[in-house]
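Q: Turn this into a model:
(2 chains)
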There are 2 protein chains.
Amino acid sequence: MSNETVLLAHGGGGRLTQELIARVFLPRLDNPALRRLEDSAVLGLAGLPDGARLAFTTDSYVVKPLFFPGGDIGRLAVCGTVNDLAVCGARPLYVSAAFVVEEGLPVETLAAVADSMRQAAAEAGVAVVTGDTKVVERGGADQLFVTTAGVGLVPAGVAVSAASARPGDAVIVSGAIGDHGIAIVSRRAGLEMEAEVESDVAPLNHLIAAMLEASGEVRAIRDATRGGVAAVLNELATASGVGVRLDEARLVVHEPVQSACDLLGYDPLYVANEGKLVAVVGAADAERVVEAMRRMRYGEEAAVVGEVVAEPKGRVLLRTRIGGTRIVTMPSGELLPRIC
Amino acid sequence: MSNETVLLAHGGGGRLTQELIARVFLPRLDNPALRRLEDSAVLGLAGLPDGARLAFTTDSYVVKPLFFPGGDIGRLAVCGTVNDLAVCGARPLYVSAAFVVEEGLPVETLAAVADSMRQAAAEAGVAVVTGDTKVVERGGADQLFVTTAGVGLVPAGVAVSAASARPGDAVIVSGAIGDHGIAIVSRRAGLEMEAEVESDVAPLNHLIAAMLEASGEVRAIRDATRGGVAAVLNELATASGVGVRLDEARLVVHEPVQSACDLLGYDPLYVANEGKLVAVVGAADAERVVEAMRRMRYGEEAAVVGEVVAEPKGRVLLRTRIGGTRIVTMPSGELLPRIC
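A: Next up is the predicted model:
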């Protein structure tokens, strides 16, 4: 790697991100928790009773613009960390917030971001308990970066993992896909659309609690952020050694999002979401889980969209509306203008 | 605050940092853990036995240059988080690492930082269990920012807090002050010095464990980072409602650091350290604690440097070498070229 440099695509959440992690970080920082590469580390903690475990996660947020239809970097940072805990089966408890601020940012902007973090934290039922502020010279950062970390508790008996999908399981998506990515892109491109698309950024922990309550057969949950539903399903297929068959007709895509994708040449399966999850559930419980989701905010449009199959292992196949089949590959890197 | 913007000094760890936190973050994100403004939040966690508590902390690292005499941003990020946990009485356990990378950074640089994080984590006895990588466009960040968070366990019966100092207590500093700040500044200024100053960046958790073992009267510990020993002692004096009297003759300052300070017009009391702590200990146990510290790596030059007094409350006074007395004020903002 002597002359190699980091590319934007290394941060895209796709194949190049995986490669960077596998080549640079894993060999050096290797330990069992990190190696699992789930959205949170799930950890033993001396003293916790009866198989309960600690969940711990972090993400940096570098979104442009800081404020976008449906949300802002503050809501994004709290919800992203809450969701990374919740998809691992944890009840999110505490969040930290570290700010890297470019000199010259209006103090009011920082206050608006903090307001938004408070609202998101209240909705999720977590507290922002510790933080840090660093200021860099003008030109040393792009306005504001926010890094959140979170801790939560995984109750005894809960074990959801990307490696647990089995042939025959149902694949559920919690609602319409692509809203966040298109909201950001359209704002950045100054795109005129008939209906403004709002980001779906939302805390999913209450929805996930309802799913886990409805069934003991919820095997895997992932939130479909960078790289979209395509990246998450490819990761699930690889981690579990199974295939996934999706039915295009069952995927929900809001009309303005589909129009924007058609116009810009994007595939909604690859567009980022910030309030949508993909779940793998034992087939017998799938309808019960979907019904429980539909009663919850952020789950009203939940649907079974496909199934887990034995072959081809590690592959995601899409049955198209016109009856064909195509492979949904892992995104290699940057497909969209940068949205995260 | 309608036209106010964030200044570099808001990130300096002094009075302006405190004001920003008090005006922008505390009113919006208020909760009991955040309000204490300790280096870590110390939190209840259902299931932990017998008064044990969870400690949780975060810091962003934006140091320039990334590599400096005695360390680099990776060692800094791990040690800083380990120390923020340890000074609250916690045994550090797990660390997260979030990277914001500027497009074009050599992959080898990232690998060298990860190597250094591994070494620091091994020395401290913690594991880096979860992480994130974002890449921003060229010019959107200054090479590399690293944000670490950490969790640890505070054993039952341990309660160290900046609010616990009492008149009569001894003030201990764990060694020579100012090394980190001068190492960074001299490297950035291209300063030619007879002896190169190396940063003191180090994990202090084993030293702190030895202190807590030696005495049950260790009331407060802080690591003296941004703002130096002056900022930490002012915070202690304010939080505890006491005064502090320092004896200049007892402070250890290495000769090259003093020379650089004389040349550049800095006061070592305000220069940042990354491997030095200030402790307040019951007077009867002070010598025993110092002896225990001197047997430990990173504590060889520990010494009692002053005492806690009843008046003037919230003030730090320095008895100078020539017999005078001066007030050591809280740094207002940026005193040094940016070192963190």
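
Q: Quick check: mean pLDDT of the helix or strand encompassing A:Leu16?
A: Using DSSP states H and E, A:Leu16 maps to helix A:15-20. For helix A:15-20, the mean per-residue pLDDT is 91.

Q: With just CA atoms, put whatever helix or strand comes next after it into PDB.
A: Sequence-wise, the next helix or strand downstream of helix A:15-20 (DSSP H and E) is helix A:26-29. Below are the C-alpha coordinates for helix A:26-29, written out as PDB (Å, rounded to 0.1, in the frame of the first residue of the first chain):
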ATOM      1  CA  LEU A  26      -8.600  -5.400  11.800                       C
ATOM      2  CA  PRO A  27      -5.000  -6.700  11.600                       C
ATOM      3  CA  ARG A  28      -3.800  -4.100  14.000                       C
ATOM      4  CA  LEU A  29      -6.600  -3.700  16.500                       C
END
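
Q: related to what we said a few turns ago, return the set of buried residues in the helix holding A:Leu16.
A: Across helix A:15-20, burial judged by 16 or more other Cβ atoms under 10 Å in any protein chain shown covers A:15-18, A:20. All C-beta atoms are positioned from the backbone trio N, CA, C, and that covers glycine.

Q: List, out of those residues, those positioned next to chain B.
A: A:17, A:20 (Cβ under 8 Å from any Cβ of the partner chain).

Q: I'd assumed A:Asn273 was in contact with A:Ala224.
A: Yes. A:Ala224 is in contact with A:Asn273 according to Cβ atoms under 8 Å; the separation is 4.8 Å.

Q: Residues that sit against both of those two, list them.
A: Taking Cβ atoms under 8 Å, 6 or more residues apart in numbering or on different chains as the criterion, A:Ala224 and A:Asn273 both touch A:Ile177.

Q: ok, and for the longest helix along chain A, which residues are buried?
A: Counting residues, the longest helix found in chain A (DSSP state H) is helix A:107-124. In terms of neighbour count (16+ other Cβ under 10 Å), helix A:107-124 has its buried residues at A:107, A:109-118, A:120-121, A:123-124.

Q: do stretch A:215-226 as well
A: A:215, A:217-226.

Q: just stretch A:23-41 next, same as before
A: A:24-26, A:28-29, A:31, A:33-34, A:36-41.

Q: could I get those residues as JSON lines with pLDDT and distance to chain B?
A: As requested, the buried residues of stretch A:23-41 are exported to JSON lines (pLDDT from 0 to 100; distance: Cβ to the nearest Cβ, whole Å):
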{"residue": "A:Val24", "pLDDT": "95", "distance to chain B": "5"}
{"residue": "A:Phe25", "pLDDT": "95", "distance to chain B": "6"}
{"residue": "A:Leu26", "pLDDT": "94", "distance to chain B": "9"}
{"residue": "A:Arg28", "pLDDT": "95", "distance to chain B": "4"}
{"residue": "A:Leu29", "pLDDT": "94", "distance to chain B": "4"}
{"residue": "A:Asn31", "pLDDT": "91", "distance to chain B": "5"}
{"residue": "A:Ala33", "pLDDT": "91", "distance to chain B": "4"}
{"residue": "A:Leu34", "pLDDT": "91", "distance to chain B": "5"}
{"residue": "A:Arg36", "pLDDT": "87", "distance to chain B": "9"}
{"residue": "A:Leu37", "pLDDT": "85", "distance to chain B": "9"}
{"residue": "A:Glu38", "pLDDT": "87", "distance to chain B": "8"}
{"residue": "A:Asp39", "pLDDT": "89", "distance to chain B": "8"}
{"residue": "A:Ser40", "pLDDT": "93", "distance to chain B": "6"}
{"residue": "A:Ala41", "pLDDT": "95", "distance to chain B": "4"}
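
Q: Which one of those residues is nearest to A:Asp179?
A: Closest to A:Asp179 out of the buried residues of stretch A:23-41 is A:Asp39 (20.0 Å), distances taken as Cβ to Cβ.

Q: Wasn't that closest one part of a strand?
A: No. Using DSSP: H, G, I helix; E, B strand; the rest coil, the secondary structure at A:Asp39 is coil, not a strand.

Q: show me the contacts for it.
A: A:57, A:83-85, A:87-88, A:222-223 are the contacts of A:Asp39 under Cβ under 8 Å, 6+ apart.

Q: Strands of the stretch 101-250 of chain A, residue ranges please.
A: Along the stretch 101-250 of chain A, counting by DSSP state E, counting those that start in this stretch, strands occupy A:127-136, A:144-154, A:170-173, A:218-223, A:243-247.

Q: Residues in contact with whatever helix or strand A:Val257 lives in: which ones?
A: Using DSSP H and E, A:Val257 falls within helix A:255-264. For helix A:255-264, the surrounding residues in contact (Cβ under 8 Å, 6+ apart) are A:176-179, A:182, A:185-186, A:189, A:191, A:193-197, A:253, A:266-268, A:271.

Q: Now list the buried members of these.
A: Buried subset of those (neighbour count, 16+ other Cβ under 10 Å): A:176-179, A:182, A:185-186, A:197, A:253, A:266, A:268, A:271.

Q: Tabulate those (JSON lines), appending pLDDT.
A: Output for these, formatted as JSON lines (pLDDT from 0 to 100):
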{"residue": "A:Ala176", "pLDDT": "98"}
{"residue": "A:Ile177", "pLDDT": "98"}
{"residue": "A:Gly178", "pLDDT": "96"}
{"residue": "A:Asp179", "pLDDT": "96"}
{"residue": "A:Ile182", "pLDDT": "94"}
{"residue": "A:Val185", "pLDDT": "88"}
{"residue": "A:Ser186", "pLDDT": "85"}
{"residue": "A:Val197", "pLDDT": "93"}
{"residue": "A:Val253", "pLDDT": "97"}
{"residue": "A:Tyr266", "pLDDT": "92"}
{"residue": "A:Pro268", "pLDDT": "96"}
{"residue": "A:Val271", "pLDDT": "95"}
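
Q: of all the residues you listed, which comes closest to chain B?
A: A:Val185 (15.4 Å; Cβ to the nearest Cβ).

Q: How about the residues of the stretch 151-300 of chain A by chain B?
A: The interface of the stretch 151-300 of chain A toward chain B, taken as Cβ under 8 Å from any Cβ, is made up of A:151, A:153.

Q: What's opposite the residue of the stretch 151-300 of chain A found nearest chain B in the beta bridge?
A: Residue of the stretch 151-300 of chain A nearest chain B, by Cβ to the nearest Cβ: A:Val151 (5.9 Å). Using DSSP bridges, the beta-bridge partners of A:Val151 come out as A:Phe56, A:Tyr94.

Q: Which residues are in contact with it?
A: A:54-56, A:85, A:92-94, B:54, B:56, B:151.

Q: Next, the residues that contact stretch A:18-37 from outside, please.
A: With Cβ under 8 Å, 6+ apart, stretch A:18-37 has contacts from A:1, A:6, A:10, A:41-43, A:161, A:163, A:330, B:94, B:97, B:107, B:110-111, B:114-115, B:117-118, B:121, B:127-131, B:133.

Q: For the closest residue in space to A:Gly181 that isn't next to it in sequence, list the residues it contacts.
A: Nearest residue to A:Gly181 in three dimensions, chain neighbours excluded: A:Val271, at 3.6 Å (Cβ to Cβ, 6 or more residues apart in numbering or on different chains). Residues near A:Val271 by Cβ under 8 Å, 6+ apart: A:177-178, A:180-182, A:228, A:257, A:261, A:336.

Q: Distance of A:Gly131 relative to B:Thr109?
A: For A:Gly131, the distance to B:Thr109 (Cβ to Cβ, to the nearest Å) stands at 27 Å.

Q: er, A:Thr147 I mean
A: From A:Thr147 to B:Thr109 the distance is 20 Å (Cβ to Cβ).

Q: again with A:Glu301
A: Using Cβ to Cβ, A:Glu301 is found at 44 Å from B:Thr109.

Q: in chain A, which helix or strand is least confident?
A: In chain A, no helix or strand scores lower on mean pLDDT, DSSP states H and E than helix A:179-189, which sits at a mean of 88.
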